[in-house]
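> 3D model of this:
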Amino acid sequence: MSTALLLESPEFENPSPARTEELALQPVRAKSARYESLDMWRGLCCLMLVVFHTTMQTARHYFVDLSGKVNDVGSLGMWLAARAWIGVPIFFVISGYCIMAAMYARRSKGGVIVFAKRRFWRIYPPYWTAIGLSAVVILAMNIRWPGLTHEGIFTVPIPEKMTFWQWFGNLTLTESWRHCVFGGDAQHLLPNTWTLCYEEQFYVISALILVFASQRIFTAAIVVTGLIFVGKTISWTLGWDVEGSLLDGRWFEIGAGILLFYRVTKATPKQIVLINALFAAGVFVSLRNPSRLLEFYPNHDMERFVAYSFALLASLIYRYDQQMRKARWLRPLWAAGAMSYSIYLCHPLVAKGISFGFFRAGMTGNAETLGLVVPLCLVASLGVAYVFYRLVERHFIPPRAPSVAISTKLTA
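Now for the predicted structure:
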C-alpha cells in the first residue's frame, strides 16, 4: 500500500507529523496477483482424479451392484476414492482465480487480443494433439483388446462411429453444451474433457468483459453472475436441458475463484472478513440437504459444498502461501501441478485401459484395486503425461508474465 493511500484511509485521517514521517519512510508494498500454492493444489487435484477414474468400476461394483457397506479398511479406502472427483470443483475455483488474474494483466487497450491468443495457444494445440493420439490408440486397442475402452463405465466412444457434429464439438471444445442447441447427443472422445469445454465458455465471457468493461472487470463479473442466476432460474422453471452450459450452476464455483482473486489482490481487511463470511454462507447453503453429501454419485450440492469450502480454506491459509511454496515435502505436488494439463489429457485412456483390464480379468476387490491397480495407474499416467509434457505441452506454454502489482484503491 502506498503512503498516499495509507494517508487517505480513515485510520490515518489526521496523523501527527512524526507519524507522517514514519509512513513516508515505509517501503511501498504492492499486492501480487499470484497465489503460488494454487499450482500445488492443481497437482493434488490431478492425482485425485487419476485415482477416481481408476477406481470408478470397482467402486460402483461394490457400492451399487453389491450394495456393499464401509466395514473394513479396503471399503473405507474405496469410499474415499469414489469421492476423489471433488478435484473438479476445486479446479473450477482455481480456474476462476487464474483467469481473473490473466484478465487483470490484460486490461489495457488491445489486451483482449493478447488474452485470446495466449488462451488459444495454451489450450488448443496440446488438446488437438492429445485427441489425435487418443483416436489412434483407441483404434489400436480395439484390435488387440476389443471393448476394453468401450465397456463398463467411464466409457470412451468408438471414433469411427462419432457423428460430424460430435467431432465438431470435440475439436472446438463446445461438446459439453452443443447438444443443448444442435447436433444430437454429446460424446466426448476423452470423457473428462467436458470440464475443459465448460471452462472454454468462461474464457469467452472473460474476453467479452475485456472488450466491454476492461476497467471494471469485477463489476462486470458480478453482472454476469446475476444474469447467469436469472438464466438458470428460467431454464429450471421451463425444464430446459442446460447441463454442460454456464446456466447449469457451475459458474458459481468459478465465481468463488473470482471472489478469491479479489480477496487476495484488492480487498481491505474488513472486506476479507465479508468475503470469508460469503464463502462460509455458501458452505452453509450447500448443506440444506446434508444427506446429499453422502450420495454415491456426484451432485450439484456436493460440488458447491466442496468449491466454497476450498475457497474459504484458500482464503484463510493465503498468509502461508510462501511457506507452502518452500516446503520440500510438497514438491511432488508442485511437480504434478506444473504438468497438470498433460496429466489431465493423458490419464483417461491409461486409467481406463489398465483398471478395466484388471476388472475384466476378475480383480474386483477393494483392497487389491487400491493396493495394486491404483499405484500402477498412477505411475503409468504420470509417465505418459511426462513424455507428453516434454514433447508437446511445454512448447505451448507462454512465457510467464512478471507479477502484476495490484493497487489497493478500489476501482470496481
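> where exactly do the helices run in the stretch 101-250 of the chain?
Residue ranges of the helices in the stretch 101-250 of the chain, as given by DSSP state H, counting those that start in this stretch, are 111-144, 164-172, 175-178, 194-212, 217-238.
> May I see those organised as a markdown table, with mean neighbour count added?
Every C-beta, even on glycine, is put in place using the N, C-alpha and C of the backbone. Below are the helices of the stretch 101-250 of the chain laid out as a markdown table (neighbours: other Cβ atoms under 10 Å):
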| stretch | mean neighbour count |
| --- | --- |
| helix 111-144 | 16 |
| helix 164-172 | 17 |
| helix 175-178 | 23 |
| helix 194-212 | 19 |
| helix 217-238 | 16 |
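> Please convert those to CSV, extending it with mean pLDDT.
As requested, the helices of the stretch 101-250 of the chain are arranged in CSV below (pLDDT from 0 to 100):
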stretch, mean pLDDT
helix 111-144, 94
helix 164-172, 96
helix 175-178, 94
helix 194-212, 94
helix 217-238, 94
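> Output the ones you listed in CSV; the columns should cover distance to residue 154.
As requested, those are exported to CSV (distance: least, Cβ to Cβ, whole Å):
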stretch, distance to residue 154
helix 111-144, 14
helix 164-172, 17
helix 175-178, 16
helix 194-212, 12
helix 217-238, 28
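> what comes into contact with stretch 162-173?
Outside stretch 162-173, the residues that touch it by Cβ atoms under 8 Å, 6 or more residues apart in numbering are 123-124, 127-128, 131, 157, 174-176, 178-179, 182-189, 193, 196-197, 200.
> what's the residue closest to the geometric middle of this structure?
When Cα atoms, centre = their mean is applied to the chain, the residue found nearest the centroid is residue 91 (1.8 Å).
> Can you give me the pLDDT of it?
Per-residue confidence at residue 91 stands at 96 (pLDDT).
> Spatially nearest residue to it (excluding sequence neighbours)?
Of all residues not flanking residue 91 in the chain, residue 45 sits nearest, at 5.4 Å (Cβ to Cβ, 6 or more residues apart in numbering).
> do you know how far the one you found is from residue 384?
18 Å (Cβ to Cβ, to the nearest Å).
> same check, this time on residue 332
From residue 332 across to residue 384, the span is 17 Å (Cβ to Cβ).
> Neighbour count for those two, which is higher?
Set residue 332 next to residue 384 and count neighbours by other Cβ atoms under 10 Å: residue 384 wins out with 18 against 14.
> Which secondary structure elements does the host helix or strand of residue 285 sit against?
For residue 285, the host element (DSSP states H and E) is helix 269-286. Secondary-structure packing of helix 269-286 (3 or more Cβ pairs under 8 Å, 6 or more residues apart in numbering; DSSP states H and E): helix 251-265, helix 300-316.
> And those helices: which comes nearest residue 144?
Each of the helices and strands packed on helix 269-286 has some distance to residue 144 by Cβ to Cβ; the shortest is helix 300-316, at 37.3 Å.
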